[in-house]
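J.: Here is my input, please return the structure:
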Amino acid sequence: MPYGIDCLAEVLRRLGDEGVRGVIIGSTVYALRLGVRELEDDVDLFTTTISPVFDEDLILEVAERIGCRVGSTEWGTPSLECVLSSECVIVVELYENIHDLYVPPEMLEEAETVEIEGVEVKILRIEDYILLKARAGREQDLETLSYINDLIRNKALKVDFKTLKERLNLFDEDEQKLISRRLSAVGIKV
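T.: Reported below is the predicted structural model:
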């Protein structure tokens with residue numbers, strides 16, 4: 001169900017007021033850069049103030065206070081379905097570095113701060129988002145990268161290829177080769 005940018009801001013404000021903060025790492029990263037006002041996807045939030053795995057009781061308390069139901073992501077971390085109104089239904093999936101999900105600390109530390117409806121939010125650099133998608137390499141990730149390549153070619157999305165190449169160094173040599181191959185396969189040259 002689509003939700004407005006104001007809904008996203010309100011949910012993130014409520015989470016932040018409860019001490020749950022982080023960096024947006026999912027498709028919301030490029031949607032915000034495109035200026036999209038109506039969003040559809042879940043919000044992937046890499047938490048930096050709590051552990052989605054070890055602070056489960058705290059997350060349950062926060063969810064209850066702000067009116068969210070707790071579910072689970074594909075990684076087994078909590079997801080929050082927040083229903084603030086009939087027009088504001090949003091799912092926020094909470095992540096941290098577990099299993100194969102890995103976001104280099106530098107990406108989190110150097111995330112950009114943007115203002116959404118008066119709420120400051122940290123989001124990954126678009127270059128870092130692209131690298132993480134290529135690292136994951138699932139079919140849906142490659143489809144997203146192909147779409148992003150179209151946006152880049154049509155000048156709807158600006159990507160700094162020098163930064164993209166530099167940020168590739170945050171991964172080990174084998175991962176760098178894998179990421180480069182996957183990006184090349186969708187037309188993104190590093």
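J.: can you list the domain ranges for the protein.
T.: The record assigns the chain these domain ranges, following automatic domain parsing: 3-124, 127-185.
J.: May I see those domains arranged in TSV, with mean neighbour count as well?
T.: All C-beta atoms are positioned from the backbone trio N, CA, C, and that covers glycine. Formatted as TSV, the entries for the domains of the chain read as follows, by neighbours: other C-beta atoms under 10 Å:
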stretch	mean neighbour count
domain 3-124	17
domain 127-185	16
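J.: Now mean pLDDT too, for those, in TSV please.
T.: Rendered in TSV, the data for these read as follows (pLDDT from 0 to 100):
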stretch	mean pLDDT
domain 3-124	95
domain 127-185	97
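J.: Could you pick out the longest helix of this protein?
T.: For the chain, the helix reaching the highest residue count under DSSP state H is reported as helix 139-153.
J.: helices and strands around that helix, which ones?
T.: Using 3 or more C-beta pairs under 8 Å, 6 or more residues apart in numbering; DSSP states H and E as the contact test, the elements touching helix 139-153 are helix 126-136, helix 173-185.
J.: Can you give the contact residues for the next helix or strand after that helix?
T.: Past helix 139-153, further along toward the C-terminus, the next helix or strand under DSSP states H and E is helix 161-167. When contacts are taken as C-beta atoms under 8 Å, 6 or more residues apart in numbering, the neighbours of helix 161-167 outside the stretch itself are 107, 125, 127-128, 130-131, 188-190.
J.: ok so, going back, include distance to Lys155 when you put the helices and strands packed on helix 139-153 into TSV, please.
T.: As requested, the helices and strands packed on helix 139-153 are arranged in TSV below (distance: least, C-beta to C-beta, whole Å):
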stretch	distance to Lys155
helix 126-136	14
helix 173-185	19
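J.: picking that back up, of all pairs in the contacts of helix 161-167, which one spans the longest distance?
T.: Met107 and Lys189 (21.0 Å; C-beta to C-beta).
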